[in-house]
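[1] here's my sequence, what's the structure:
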Amino acid sequence: MAARPISEHTTEQLQNLIHNYRKNTTDPVYLAALDELARRKGQGLSFSKSLELIRTAAAERRCLSYKQIAEGSGVEWSKVRYAISGHLDDLLKYAHGKGWPMLTAIVVNQENLSTGRLEPQALAGFVKGAAIFGCPVTDREQFLKE
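    All right, here's what the predicted structure looks like:
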């Protein structure tokens, strides 16, 4: 019997899959469940569009703003400003599962585009994400730069 497409799972089932596969974050089922759940709860924020924006900006050695992430998905910043943190957390988990670096490090407030600096609350969230993946952080600012 063929496996049911991930898009046919309920939100609760997706959450259970993600929880059950959390120790095997490279498994395609985990990654597909994470992608689908992010699509559902992202209020219009697109996983694939955000990843593409981040990859392009990283290749160009520049930062992106939260607003640019929203605009890249074709949604107004004011409508997703409270969802962006969860969206970036999900992108971070996805990137980790793919063996990629912490891509979200280059997403900052508009006024910090030239410096790449994260505001204290955003930096705390970023460091918390690193801890989930076993990355010890002693100097937050230096960790972000690296």
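
[2] the residue most central in space within the chain: what's it in contact with?
    For the chain, residue 91 is the residue whose C-alpha lies nearest the centre (C-alpha atoms, centre = their mean; 2.0 Å). With contact taken as C-beta atoms under 8 Å, 6 or more residues apart in numbering, residue 91 is in contact with 38, 47, 50-51, 54, 103-104. Every C-beta, even on glycine, is put in place using the N, C-alpha and C of the backbone.

[3] show me this structure divided up by domain.
    Following automatic domain parsing, the chain resolves into domains at 7-41, 44-145.

[4] could you tell me the end-to-end distance of the longest one?
    Across domain 44-145, the straight-line distance between its terminal residues is 30 Å, by C-alpha to C-alpha, to the nearest Å.

[5] tally of neighbours for residue 25?
    Using other C-beta atoms under 10 Å, residue 25 has 18 other residues around it.

[6] isn't there a helix covering residue 23?
    No - under DSSP: H, G, I helix; E, B strand; the rest coil, residue 23 sits outside any helix and is assigned coil.

[7] and for it, the neighbour number?
    Here the count is done by other C-beta under 10 Å, and residue 23 has 7 residues near it.

[8] then the one 3 residues further on?
    The number of residues packed around residue 26, counting by other C-beta under 10 Å, is 11.

[9] I'd say it and residue 97 touch.
    Yes - proximity of residue 26 to residue 97 meets the contact threshold set by C-beta atoms under 8 Å, at 5.4 Å.

[10] just to revisit the earlier point, give the rounded mean pLDDT of the helix or strand that contains the residue nearest to the centre of the chain.
    Take DSSP states H and E as the rule and residue 91 turns out to sit in helix 84-97. Mean pLDDT, computed over helix 84-97, is 84.

[11] in that helix, which residues are buried?
    Neighbour counts over helix 84-97 (16 or more other C-beta atoms under 10 Å) mark 84, 87-97 as buried.

[12] residue contacts, residue 140?
    Going by C-beta under 8 Å, 6+ apart, residue 140 touches 123-124, 127.
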